[in-house]
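K.L.:
take a look and give me a structure for this.
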Amino acid sequence: MKFAHTNIVCTNWKKLADFYVKTFNCKIIPPIRKQSGEWLENGTGLKNAKLEGAHLLLPGYGENGPTLEIYQYETIETQDFVPPNKRGFGHIAFEVENVESVMKDLKKNGGKPFGKITKREVRGVGEITFIYVRDPEGNLIELQSWRKASLQQRI
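P.N.:
Next up is the predicted model:
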């Protein structure tokens with residue numbers, strides 16, 4: 001058994017995929033999906049389901065790693081932005097070398113900060129620097145960077 005993908009439904013799949021490619025070095029894995037039909041209706045439970053989108057290879061796991069599935073359905077139900085403490089799926093997280101540097105790219109590519117960059121010592125693990133941000137469609141992302149604990153801190 002292995003983890004396969006996480007799906008994000010959006011209003012403009014090309015724009016959102018471009019954000020993840022430019023900000024997090026994800027790579028589009030062909031083919032571009034254009035799906036519809038009875039099989040999709042049966043599997044999703046949605047009448048007249050039609051979608052278009054792509055799978056993006058997530059960084060750090062090689063060519064067979066998990067993907068981020070960015071789909072745009074022909075009919076989309078809108079909702080308010082989800083706060084971090086809402087029940088259900090909360091956010092995706094990227095471990096990065098430098099949170100401040102990635103924040104610059106994120107803003108340049110249409111993302112927005114939600115929280116403030118914060119540092120915290122986690123005893124026995126190290127120091128985390130993190131912030132919650134939103135992608136251009138409002139989905140929550142955690143940016144995190146770890147400085148490993150020294151041997152002395154682990155004891």
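K.L.:
got the domain ranges for this structure?
P.N.:
5-73, 92-154 (automatic domain parsing).
K.L.:
out of those, the one nearest D80 is which?
P.N.:
Closest to D80 of the domains of the chain, according to CB to CB: domain 92-154, at 8.9 Å. All C-beta spots, glycine's among them, are computed from the backbone N, C-alpha and C.
K.L.:
let me know the average pLDDT across the closest one.
P.N.:
Domain 92-154 shows a mean pLDDT of 92.
K.L.:
take the domains of the chain and lay them out in TSV including mean neighbour count.
P.N.:
Conversion of the domains of the chain to TSV gives the following (neighbours: other CB atoms under 10 Å):
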stretch	mean neighbour count
domain 5-73	16
domain 92-154	15
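K.L.:
mind putting those into CSV with distance to F81?
P.N.:
Below are the domains of the chain laid out as CSV (distance: least, CB to CB, whole Å):
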stretch, distance to F81
domain 5-73, 13
domain 92-154, 4
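K.L.:
look up how far F114 lies from the spatially most central residue of the chain.
P.N.:
For the chain, I92 is the residue whose C-alpha lies nearest the centre (CA atoms, centre = their mean; 4.6 Å). Taking CB to CB, to the nearest Å as the criterion, I92 is separated from F114 by 13 Å.
K.L.:
I'd say G53 and L68 touch.
P.N.:
No. Counting by CB atoms under 8 Å, G53 sits too far from L68 to count as a contact (10.2 Å).
K.L.:
could you pull out the strands for this structure?
P.N.:
Counting by DSSP state E, the chain has strands at residues 5-9, 27-36, 50-57, 67-73, 92-95, 112-113, 118-122, 126-134, 140-148.
K.L.:
output those strands as CSV; include the columns distance to M103.
P.N.:
Conversion of these to CSV gives the following (distance: least, CB to CB, whole Å):
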stretch, distance to M103
strand 5-9, 20
strand 27-36, 22
strand 50-57, 20
strand 67-73, 19
strand 92-95, 12
strand 112-113, 7
strand 118-122, 12
strand 126-134, 7
strand 140-148, 7
